[in-house]
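Q: Please find the sequence and the predicted model below.
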Amino acid sequence: MEEKNKTIFDEDSIKYISENMLSDTYVSRLSSFFKVIGDESRVKIIYALSLREMCVNDIAEALGMTQSAVSHQLKLMKAEGHVKARRSGKNMFYSLDDEHVVDIMEEGLKHIVHKFHEHG
């Protein structure tokens, strides 16, 4: 007698994915990365810092945010390794830690523009 609704698996696919899956550490860190850059305020700050190094006061003024809000966001991004700081006199100047964040933002923006024009 034939079983109804028997699930059939592609054993080759299951084996391939099992052997090539990201480690839990990489999955966790990648998820954390996207959580950090997935906030609108942080996207604005990252974009601003992709254009030039800036101090908190200038970022806040340019983006219409409070200094406290900018400082809070920069602290989170610094803890995740997305931004770095350098002191010049009494000011801390922030910049992106490396170009990978910019590359990811640019690719995401290309995707958004493509989808917007495709469905515009």
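A: Arrived safely. Numbering: from 1, shown residues only.
Q: Quick check, pLDDT for the residue nearest to Lys44 when sequence neighbours are not counted.
A: Of all residues not flanking Lys44 in the chain, Leu63 sits nearest, at 5.2 Å (Cβ to Cβ, 6 or more residues apart in numbering). For the C-beta atoms, the positions are set from N, CA and C on the backbone; glycine is no exception. On pLDDT, Leu63 comes in at 98.
Q: Report the contact partners of Leu30.
A: Leu22 (Cβ atoms under 8 Å, 6 or more residues apart in numbering).
Q: so how far is Lys84 from it?
A: From Leu30 across to Lys84, the span is 21 Å (Cβ to Cβ, to the nearest Å).
Q: Glu19 too?
A: 37 Å.
Q: same thing with His119?
A: Taken as Cβ to Cβ, the span from His119 to Lys84 is 38 Å.
Q: who's more crowded, those two?
A: Neighbour tally, His119 and Lys84, criterion other Cβ atoms under 10 Å: the higher count belongs to Lys84, 15 against 6.
Q: For the more buried one, which three-state class applies?
A: strand (DSSP: H, G, I helix; E, B strand; the rest coil).
Q: before we move on, what about Met92?
A: strand.
Q: and the closest residue to it other than its chain neighbours, what is it in contact with?
A: For Met92, ignoring the flanking residues on the chain, the nearest one in space by Cβ to Cβ, 6+ apart is Ala85 at 4.8 Å. Neighbouring residues of Ala85 by Cβ under 8 Å, 6+ apart: Leu74, Lys78, Met92, Phe93, Tyr94.
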